[in-house]
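A.B. asks: Predicted model follows, preceded by the sequence.
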Amino acid sequence: MVQGANVQTVLFDEGRAVGVRVKLGDDWTTEIRAPIVVDASGRRCMIANQLKLKKKDPVFNQFAIYSWFTGVEPNPPGFEGFIFLHFLPLERSWAWQIPMRNGVTSVGVVTDKKDFQKSGKSGEEFFSSLIGTNRSLTHGMREAERIRPWWIEADYSYVIDQLSGPGWLLVGDAVRFVDPVFSTGVDVAAYSALYAYEAIDATLRGEKDEELAFKEFEERVGDGVEAWYDLISMFYKLRNLFTVFAMKRRFREKVVRILQGNLYQPETLQRAREIIAIMQASHDSVTSDPNNILRPGALSGATEHADGPAR
């Protein structure tokens with residue numbers, strides 16, 4: 001076992017992954033051979049980049065800026081430790097508020113990158129302007145002090161054309177990353193790793209042909225990730241209407257069960273597809289009504305500059 005080494009490249013022999021070349025420190029480089037290579041490199045997407053399988057997502061072009069703060073208003077009694085999600089008055093924007101240890105809170109905003117670019121503001125100015133559009137956040141952050149440098153993430157939404165191949169599998173963010181809104185990265189990481197283990201174990205034991213086992217892995221994980229993608233897309237399409245589905249007794253259990261994760265089993269995948277179809281019907285109804293304030297673009301005229309509290 002080699003730890004603390006940097007993988008420089010994946011080794012292929014006649015189209016099959018056969019190991020990796022690693023570097024440790026400034027001087028030591030070696031090749032490590034393996035019957036199967038698992039790419040868990042996160043958003044580095046080592047194999048996908050090496051094989052040119054990674055593509056920019058055609059829809060999402062998200063931008064996030066966040067940091068840690070002290071002095072953020074504590075959550076109300078009974079909601080200690082809860083993660084709060086706040087809507088912001090741009091078409092594809094929201095904010096998170098995550099309490100951590102010792103009075104520290106992670107606060108960040110997510111929006112379409114073009115909204116940041118056309119604002120003409122610095123990252124900190126843009127963050128502050130968006131916080132100011134939400135009264136709850138404005139109140140909660142009134143005594144806040146930033147204690148860490150700003151983190152900025154952009155261009156993080158991508159698609160991978162292929163999740164497995166001869167001698168290799170992708171897991172976690174190396175599979176795909178869309179958006180942090182439902183913490184789907186944790187779900188994809190945990191379950192893609194589990195199903196990759198099952199595929200590899202069946203292959204090495206001779207219980208299944210590698211091509212068949214890897215194909216089953218790819219279909220199971222790929223279908224689940226695609227369902228997550230569609231659900232996230234519906235969140236951005238519906239915005240406030242999404243919370244109606246989360247709160248109404250008729251839909252609440254289905255929505256909560258979906259957000260619990262593991263959309264890779266037939267029953268959970270079917271449940272997700274059913275609620276997504278219902279949400280899509282609601283979206284179509286909203287967008288067909290030119291007077292509905294929930295339709296896309298309805299808020300853009302009043303909040304183009306996001307300079308003050310929304311009224």
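C.D. replies: Looks like it arrived, so ask away. Numbering: from 1, shown residues only.

A.B. asks: Just the buried residues of the helix or strand bottoming out on mean pLDDT in the chain, please?
C.D. replies: Least confident helix or strand of the chain, by mean pLDDT, DSSP states H and E, is helix 240-247 with a mean of 81. Neighbour counts over helix 240-247 (16 or more other CB atoms under 10 Å) mark 241, 242, 245 as buried. In short, each C-beta sits where N, CA and C put it, glycine included.

A.B. asks: how about these in TSV, adding distance to residue 85?
C.D. replies: TSV is the format used below for these (distance: CB to CB, whole Å):
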residue	distance to residue 85
241	15
242	10
245	14
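
A.B. asks: ok, and the closest non-adjacent residue to residue 46?
C.D. replies: Excluding its sequence neighbours, the residue lying closest to residue 46 (CB to CB, 6 or more residues apart in numbering) is residue 39, at 5.4 Å.

A.B. asks: The one you found and residue 32: what is the separation?
C.D. replies: 14 Å (CB to CB, to the nearest Å).

A.B. asks: Over to residue 88?
C.D. replies: Applying CB to CB, the value for residue 88 to residue 32 is 47 Å.

A.B. asks: Pick out whichever of those two has more residues nearby.
C.D. replies: Neighbour comparison, residue 88 and residue 32: the larger count goes to residue 88, with 25 against 15 (by other CB atoms under 10 Å).

A.B. asks: In terms of helices and strands, where is the closest residue to residue 275 other than its chain neighbours?
C.D. replies: The shortest distance from residue 275 to any non-neighbouring residue, by CB to CB, 6+ apart, is to residue 254 (4.9 Å). Per DSSP states H and E, residue 254 falls inside helix 249-259.

A.B. asks: Now do that helix and helix 240-247, the angle between them.
C.D. replies: Here helix 249-259 points in a direction 100 degrees away from that of helix 240-247 (axes from the mean of the first three to the mean of the last three CA atoms, to 10 degrees).

A.B. asks: helices or strands next to helix 249-259 in the packing?
C.D. replies: When contacts are defined as 3 or more CB pairs under 8 Å, 6 or more residues apart in numbering; DSSP states H and E, helix 249-259 sits against helix 240-247, helix 266-287.

A.B. asks: Would you single out the least confident of these?
C.D. replies: Ranked by mean pLDDT, the helices and strands packed on helix 249-259 bottom out at helix 240-247, which scores a mean of 81.

A.B. asks: ok, and what's touching it?
C.D. replies: The contact list for helix 240-247 (CB atoms under 8 Å, 6 or more residues apart in numbering) reads 87, 234-235, 238, 251-252, 255-256, 275, 278-279, 282-283, 286, 294.

A.B. asks: Now restrict these to buried residues only.
C.D. replies: The neighbour-count test (16+ other CB under 10 Å) marks 87, 234, 235, 238, 255, 275, 279, 282, 283, 286, 294 as buried among the contacts of helix 240-247.

A.B. asks: Can you name the residues that contact the fourth one?
C.D. replies: With contact set as CB under 8 Å, 6+ apart, residue 238 has these partners: 245, 279, 282, 283, 286, 294.

A.B. asks: Report the separation between it and residue 87.
C.D. replies: From residue 238 across to residue 87, the span is 11 Å (CB to CB).

A.B. asks: Also residue 253?
C.D. replies: Residue 253 sits 23 Å away from residue 87, going by CB to CB.

A.B. asks: One more: residue 128?
C.D. replies: As judged by CB to CB, residue 128 and residue 87 stand 17 Å apart.

A.B. asks: Kindly report the same for residue 251.
C.D. replies: With distances taken as CB to CB, residue 251 is found 19 Å from residue 87.
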